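In: Mind folding the following:
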Amino acid sequence: MLWFLRNYPDKIVRLKRFIHASDFITGMLSGNFSVTDYTNVLKSGYDLHLFRWPDYITSSSGIRRRWLQEVVPSGTPIGFLKAVWARALGLSESVIITAGLTDGCASQVASGAVNPGDWNTTIGTTLVIKGVTKEEVYDPTGAIYCHRHPEGLWMPGGASNTGADWVTQLFKGADLAALANEASSLIPGSHLAWPLLQKGERFPFVAPHARGFAPEGLSDASLFTAYMEGVAYIERYAFDKIRQLSGEPVAQIFSAGGASNSDVWVQIRASVLNLPIRKTKNVSGLQVQQ
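Out: Numbering: from 1, shown residues only. This next block holds a predicted model:
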C-alpha cells in the first residue's frame, strides 16, 4: 500500500480501495470487493487480537481508512454469484460466495488439519508446516507466525527453504522409483545430510548465512536416502520447536505435496517423528480430471 502511494501519487485521486489477490477473485464473482478475511490481512497490518485496523496505519502513513476493507472470518458469506458468471459457468445465481483465505491456509484446511493438535506438512519445492493450536504461538525469532482460525483458534506455521527441490535438481532424469526401492533397504541410514541448495534458512530457525551439506563419495542411493532423512529431521526439529513454544501436543500430521507420493519417504518421516502421518488422497494442488 505504501509502495503504491509513493510510486503512483497521481493515481491516488482514483483510488477506491486496497484489496488482496484473493479478494479480486471473490469480488469479481460476487461484485463485493469491500470484504476480506483474517488470513489475507495478516501482512496488511490488521490486528488479529483486537479485530480492528490499528490507528498507526492511518495516523501517519497517508493510508485512509476508507481504502481499507471490512475483515471477516474465512468462509463468511459475502454475496451471491453474479448473473454473468452463473450463465458462463452453467451455475445458479443462488451460489453463495464466501470470504477466502491464503493459499497456504487453503492447503492446510484441504488436507484435513482443522482441529487443535492437527498439523499439515506440505513438501514441494519447500517444506511448509501449518497447524491448529488453542493459543497463539509466539516465536521471538520470527520463524513461526500465526494466522487466525475462522473459529477463533490459531493457525501457526512456517516455511523452510529446504524441501524436495533437490530431487529435481540433483536427480534429474534418474529412476526415482528404483532409488526409493534401494533406499528402503538402507534405512535407517548412517549418513547425515542437509539438502539446502540455496544460501540461508528461515524455518525452523532463521539463519541467513546457512549452507547445506552432504558427505562426499556416496552412491546415488545412499545420497538419496540421506537427503530424505535430512528433510525428515528438519521436520522433526520444527515440531519439537512447536511443542516447546506452544505447550500443546501434536496429535497427528496430514501430509501433502509431491514428496508424499513416495511411500518410502513417508515411512522415513513417520519413523523419525514417531507420529502417524495421514497421506491425503490428492497430494498436489492440481488435479486433472480425465
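In: Break this protein into its domains for me.
Out: Taking automatic domain parsing as the domain assignment, the record places the domains of the chain at 2-101, 104-279.
In: avg pLDDT for the longest one?
Out: Spelled out, that is domain 104-279. The predicted model gives domain 104-279 an average pLDDT of 94.
In: returning to that earlier point: and the domains of the chain, which is most packed in?
Out: Compared across the domains of the chain, domain 104-279 shows the largest average neighbour count, a mean of 18 (mean count of other C-beta atoms under 10 Å). Any C-beta I mention is one placed from the backbone N, CA and C, and that applies to glycine too.
In: Quick one: end-to-end length of it, please.
Out: 17 Å (C-alpha to C-alpha, to the nearest Å).
In: what does stretch 162-182 give?
Out: Counting by C-alpha to C-alpha: the opening and closing residues of stretch 162-182 are 23 Å apart.
In: Can you give the contact residues for that stretch?
Out: Stretch 162-182 has contacts (C-beta atoms under 8 Å, 6 or more residues apart in numbering) with 123-127, 194-197, 201, 212, 220-221, 223-224, 227, 230-231, 234, 257-259, 262-265.
In: Could you rerun that using 6 Å?
Out: With C-beta atoms under 6 Å, 6 or more residues apart in numbering as the contact definition, stretch 162-182 has outside contacts at 123, 125-127, 195-197, 221, 224, 227, 234, 258-259, 262, 264.
In: now stretch 32-52
Out: Outside stretch 32-52, the residues that touch it by C-beta under 6 Å, 6+ apart are 19-20, 22-23, 27, 53-54, 57, 69-74, 78-79, 99-102, 105, 147-148.
In: quick one: A270 is in a helix?
Out: Yes: assignment of A270 by DSSP: H, G, I helix; E, B strand; the rest coil places it within a helix.
In: how near is it to D55?
Out: When distances are taken as C-beta to C-beta, to the nearest Å, A270 and D55 turn out to be 48 Å apart.
In: cool, G112 as well?
Out: The spacing between G112 and D55, counted by C-beta to C-beta, is 39 Å.
In: next one: G62
Out: From G62 to D55 the distance is 14 Å (C-beta to C-beta).
In: Now name the helix or strand holding the most centrally placed residue in the chain.
Out: The centre of the chain sits closest to G104, judged by C-alpha atoms, centre = their mean, with a distance of 3.0 Å. When elements are assigned from DSSP states H and E, G104 belongs to helix 103-111.
In: Now do that helix: distance to the chain's middle.
Out: From the chain centre to the centre of helix 103-111 is a distance of 7 Å (C-alpha atoms, centre = their mean, to the nearest Å).
In: Equivalent analysis for stretch 177-192, please.
Out: Stretch 177-192 has its average C-alpha position 28 Å from the chain's average C-alpha position, going by C-alpha atoms, centre = their mean.
In: quick one on the thing from earlier: list the contacts of the residue nearest to the centre of the chain.
Out: Under the criterion of C-beta under 6 Å, 6+ apart, G104 has no neighbours.
In: let's see 10 Å
Out: In this structure, G104 makes contact with T39, N120, T122, V128, I129, K130, H147, M155, G157, A159, judged by C-beta atoms under 10 Å, 6 or more residues apart in numbering.
In: P54 now?
Out: By C-beta under 10 Å, 6+ apart, the contact set of P54 is G45, Y46, D47.
In: which one is S30 nearest to, not counting chain neighbours?
Out: Setting aside the residues directly before and after it, S30 is nearest to G79 in space (C-beta to C-beta, 6 or more residues apart in numbering), at 3.3 Å.
In: Just the pLDDT for N282.
Out: Looking at N282, its pLDDT stands at 69.
In: could you point out which element follows the lengthiest helix in the chain?
Out: Ranked by residue count under DSSP state H, the longest helix found in the chain is helix 220-246. Moving toward the C-terminus from helix 220-246, the next helix or strand (DSSP H and E) is strand 252-256.
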